[in-house]
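Asker: got a predicted structure plus its sequence, pasted below:
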Amino acid sequence: QVQLVESGGRLAQTGDSLRLVCAASGLTFRMYAMGWFRQAPGKEREFVARISASGVNAYYADSVRSRFTIFRDNAKNTVDLQMNNLKPEDTAVYFCAADRRGGSVYPRDYEYWGHGTQVTVSS
């Protein structure tokens, strides 16, 4: 059974940093591209960042580029999202997802999802 478990979300202040961690089990992690998405209340789930199976290539949404960094450890089966200079508009539930086909910016392309971790940024 595939499980993706996110952790690290909490209440933060504008300008703070947070690191989210997604721990994967039940899949051959090194063969999956991984993505982070977020969903704010009343909004659709949106792409944040993705990383290739090897970890060599990463891609970011314009709204987080230069502030967020995605990286993975294939030995530990984890993918992290380092979030710096947080803004109130970053408030959302953050999800990690796995895609055997190489990763994309579209939620529909991802096969497995975690349950999410709440990040709230106050001004």
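Answerer: In hand now; what should we look at?

Asker: please make it C-alpha for all contacts and neighbour counts, starting now.
Answerer: Will do.

Asker: gap between the residue nearest to Gln1 when sequence neighbours are not counted and Ser54?
Answerer: Distances taken as C-alpha to C-alpha, 6 or more residues apart in numbering put Gly26 closest to Gln1, at 5.2 Å, once the chain neighbours are dropped. According to C-alpha to C-alpha, to the nearest Å, Gly26 and Ser54 sit 18 Å apart.

Asker: out of the two, which sits in the more crowded spot?
Answerer: Ser54 (14 against 9; other C-alpha atoms under 10 Å).

Asker: for the closest residue to that one other than its chain neighbours, the count of nearby residues, please.
Answerer: Among residues not flanking Ser54 along the chain, Arg30 sits closest, at 6.6 Å (C-alpha to C-alpha, 6+ apart). Other residues within reach of Arg30 by the criterion other C-alpha under 10 Å amount to 18.

Asker: got it, and the one 3 residues further on?
Answerer: The number of residues packed near Ala33 is 25, by other C-alpha under 10 Å.

Asker: now it, which residues is it bridged with?
Answerer: Taking DSSP bridges as the rule, Ala33 bridges to Asp99.

Asker: right, and it touches Val105 too?
Answerer: No. The pair Ala33 / Val105 is not scored as a contact, 11.3 Å apart, by C-alpha atoms under 8 Å.

Asker: anything in contact with each of these two?
Answerer: Arg50 (C-alpha atoms under 8 Å, 6 or more residues apart in numbering).

Asker: which residues are in contact with stretch 27-36?
Answerer: So stretch 27-36 is contacted by 1-2, 47-54, 74, 77, 79, 81, 94-104 (C-alpha under 8 Å, 6+ apart).

Asker: mind doing that once more with 6 Å?
Answerer: 2, 48-53, 74, 77, 95-100, 102-103 (C-alpha atoms under 6 Å, 6 or more residues apart in numbering).

Asker: next, Phe29: phi, psi?
Answerer: phi -60, psi -40 (degrees, to the nearest 10).

Asker: give me phi/psi at the residue nearest the centre of the chain?
Answerer: Central residue of the chain (C-alpha atoms, centre = their mean): Trp36, 2.3 Å from the mean position. For Trp36, the backbone dihedrals (degrees, to the nearest 10) come out as phi -120, psi 130.
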